[in-house]
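Peer 1: quick one, structure for this:
(chains A and B)
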Amino acid sequence: MAKTFHLEIIATDRIFFSGEVEHLVITAIDGLLGIMAGHEPLVTCLPTGELKYLVDGEWKYAAISEGFIQVMPDSSIILADTCELPEEIDIKRAQEAKERAEELLRQKQSIREYYETQAALNRAMNRLKVSQKHFK
Amino acid sequence: MPNMREIRERIGSIQQILKITNAMYLMSSSKLKKARASLECTEPYFYKLQSTIESVLEHTPHTRQLYFDRREDIPENKRKKGYIVITGDKGLCGSYNHNVLKYTEQKLKEAADIDNCYLFVMGQVGRMFFQRRIQNDKKGYVDGEFLYTTQNPTLYRASEIAESVLAKFEKRELDEVCVIYTDMVNSSLQEPRTLRLLPFERKHFGKAADGTMKKLPKASFMPSPEEVMNYLIPQYAKGIIYGAMVEAFCCEQQARMTAMDAATNSAKDMIKDLSLMYNRARQAAITQEITEVCGGAASINQE
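Peer 2: All right, here's what the predicted structure looks like:
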């Protein structure tokens, strides 16, 4: 078995994951980033996206929205607004949120409202994507 | 000796109040259960966020970042201070609102110039209080557009608040921002607390629950420290405000539950006392009637 490091994923509403993992792949603001044990200290931000981690030779997937990661050689911490497993995602709710956001985008909005709606749309589409990809 | 009718009416009205306080007690205890659960879920995030940011900041190279700008060129009495005050939406929760309002007043007094204090009050009780106060002596400033409820805190609301405050900071409408909220020390002790939000300072972070952060000599930031900080700080502000909201909401329910429980108990005591008094009054009336009848009979017999 490969060398492992301690990973903690903490969302605002729960401790999503805490344990030893072999490999972690995240979507950072400038692209995909793979992290293994012994990685150099690093801080970066995570926009809404997908992440996966390797536990006991099995890849686990999750949908994450807005957060940041602190990487240290033997441990990593991810703090995020929300984090969900593909099977936990409420597809109907995400679909509704997506439609609502699309509807709002067609209307005239202030720049701030526009960004907020875009972020909401982003979250909804990310949820749909992750659940469609990994949970059938 | 008050008469029987008066006592009976009083018992009736106390019973009505008892029903209300008891219902409120039950309601707040079920709400408290919910708030507790969400507090327990959020607390790890709240503390971890503080400790992680603290350790991140230790390794952040000195950047000319907007949110770190302490604006030392502005003299102390010209600094515009913003306070986000979290109070309840309703009264009848013991000293909860009173404590946080008194604490805020004290903070305002400590401030060099009260005219440069800007209050962002969450919750009806606090808003009414400060608006009235400011109408009277025309000092300080309450943001009238800052209308947020404290019921059932959501992340969305927290992010809206964070954004509006950060925007004000960027536009130099505010030079310092603090959050005043009630912290749940344990279920019987609650304390108002201040949390410094902006500008960022390395020493101003609260203690972590575990306090065991590993030191790392230097961390790299991707893509750049400025970029990461631009993203991280709104995130941090949002997290802190959300945490404070959850904490305060839980305290409010706890305070209301305790207050209503005490009210119910004292109403029960009062009813007990009053019914004793009522029985005495009734007995006295009966005794008096018997005495009168006997007296009347005796005088008839004498004739």
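
Peer 1: okay, CA-based contacts and neighbour counts for the rest of this
Peer 2: OK.

Peer 1: nearest spatial neighbour of residue A:17, skipping sequence neighbours?
Peer 2: The shortest distance from residue A:17 to any non-neighbouring residue, by CA to CA, 6 or more residues apart in numbering or on different chains, is to residue A:9 (5.0 Å).

Peer 1: would you agree the one you found falls within a strand?
Peer 2: Yes: using DSSP: H, G, I helix; E, B strand; the rest coil, the secondary structure at residue A:9 is a strand.

Peer 1: bridging residues for it?
Peer 2: residue A:17, residue A:78 (DSSP bridges).

Peer 1: quick one, what contacts it?
Peer 2: A:15, A:16, A:17, A:18, A:77, A:78, A:79, A:80 (CA atoms under 8 Å, 6 or more residues apart in numbering or on different chains).

Peer 1: same thing with residue B:176?
Peer 2: Residue B:176 touches B:79, B:80, B:81, B:82, B:169, B:197, B:198, B:199, counting by CA under 8 Å, 6+ apart.

Peer 1: in helices, which of those residues fall?
Peer 2: residue B:169 (DSSP state H).

Peer 1: output the contacts of residue B:176 as a markdown table; include the columns neighbour count, distance to chain A and pLDDT.
Peer 2: Shown next, in a markdown table, are the contacts of residue B:176 (neighbours: other CA atoms under 10 Å in any protein chain shown; distance: CA to the nearest CA, whole Å; pLDDT from 0 to 100):
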| residue | neighbour count | distance to chain A | pLDDT |
| --- | --- | --- | --- |
| B:79 | 22 | 27 | 79 |
| B:80 | 21 | 24 | 82 |
| B:81 | 24 | 24 | 84 |
| B:82 | 25 | 22 | 86 |
| B:169 | 21 | 16 | 86 |
| B:197 | 25 | 18 | 83 |
| B:198 | 24 | 19 | 78 |
| B:199 | 19 | 20 | 77 |
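
Peer 1: by neighbour count, which of the contacts of residue A:9 wins?
Peer 2: residue A:79 (31 neighbours; other CA atoms under 10 Å in any protein chain shown).

Peer 1: so residue A:95 makes contact with residue A:128?
Peer 2: Yes: between residue A:95 and residue A:128 there is a contact under CA atoms under 8 Å: 7.3 Å.

Peer 1: of these two, which one has the most company?
Peer 2: residue A:128 (21 against 16).

Peer 1: tell me which residues in the strand ranked longest in chain A are buried?
Peer 2: The longest strand of chain A (DSSP state E) is strand A:58-72. Residues A:61, A:62, A:63, A:64, A:65, A:66, A:67, A:68, A:69, A:70, A:71, A:72 are the ones in strand A:58-72 that count as buried (16 or more other CA atoms under 10 Å in any protein chain shown).

Peer 1: re the thing from before, and of the contacts of residue B:176, the nearest to residue B:120?
Peer 2: The shortest approach to residue B:120 among the contacts of residue B:176 belongs to residue B:82, at 7.2 Å (CA to CA).

Peer 1: surely that closest one touches residue B:117?
Peer 2: Yes: contact criterion CA under 8 Å: residue B:82 and residue B:117 qualify, at 5.9 Å.

Peer 1: list the buried residues in the helix or strand hosting residue A:101.
Peer 2: Secondary structure from DSSP states H and E places residue A:101 in helix A:91-105. Along helix A:91-105, these residues count as buried under the neighbour rule (16+ other CA under 10 Å): A:91, A:94, A:95, A:97, A:98, A:101, A:104, A:105.

Peer 1: can I get those residues in TSV including pLDDT?
Peer 2: TSV is the format used below for these (pLDDT from 0 to 100):
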residue	pLDDT
A:91	87
A:94	90
A:95	91
A:97	91
A:98	91
A:101	91
A:104	88
A:105	88
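
Peer 1: so which of the residues you listed reach chain B?
Peer 2: With CA under 8 Å from any CA of the partner chain as the criterion, those include none near chain B.

Peer 1: so what's the spatially most central residue of chain B closest to, chain neighbours aside?
Peer 2: The residue lying closest to the centre of chain B (CA atoms, centre = their mean) is residue B:87, at 4.0 Å. Nearest non-adjacent residue to residue B:87, counting by CA to CA, 6+ apart: residue B:123, 5.1 Å away.

Peer 1: let's verify residue B:88: helix, strand, or coil?
Peer 2: Quick answer, by three-state DSSP: residue B:88 is coil.

Peer 1: contacting residues for the residue lying closest to it once chain neighbours are set aside?
Peer 2: Take residue B:88 and drop its neighbours on the chain: the residue closest to it by CA to CA, 6+ apart is residue B:123, 4.9 Å away. By CA under 8 Å, 6+ apart, residue B:123 lies in contact with B:86, B:87, B:88, B:89, B:90, B:147, B:148, B:149, B:150.

Peer 1: the top helix by length along chain A near chain B anywhere?
Peer 2: Ranked by residue count under DSSP H, the longest helix found in chain A is helix A:111-134. No: shown here: helix A:111-134 not in contact with chain B (CA under 8 Å from any CA), separated by at least 9.4 Å.

Peer 1: how much space between the residue nearest to the centre of chain B and chain A?
Peer 2: Using CA to the nearest CA, to the nearest Å, residue B:87 is found at 22 Å from chain A.

Peer 1: dump the residue contacts of that residue.
Peer 2: Applying CA under 8 Å, 6+ apart, the residues near residue B:87 are B:97, B:100, B:101, B:121, B:122, B:123, B:124, B:125, B:126, B:150, B:181, B:248.
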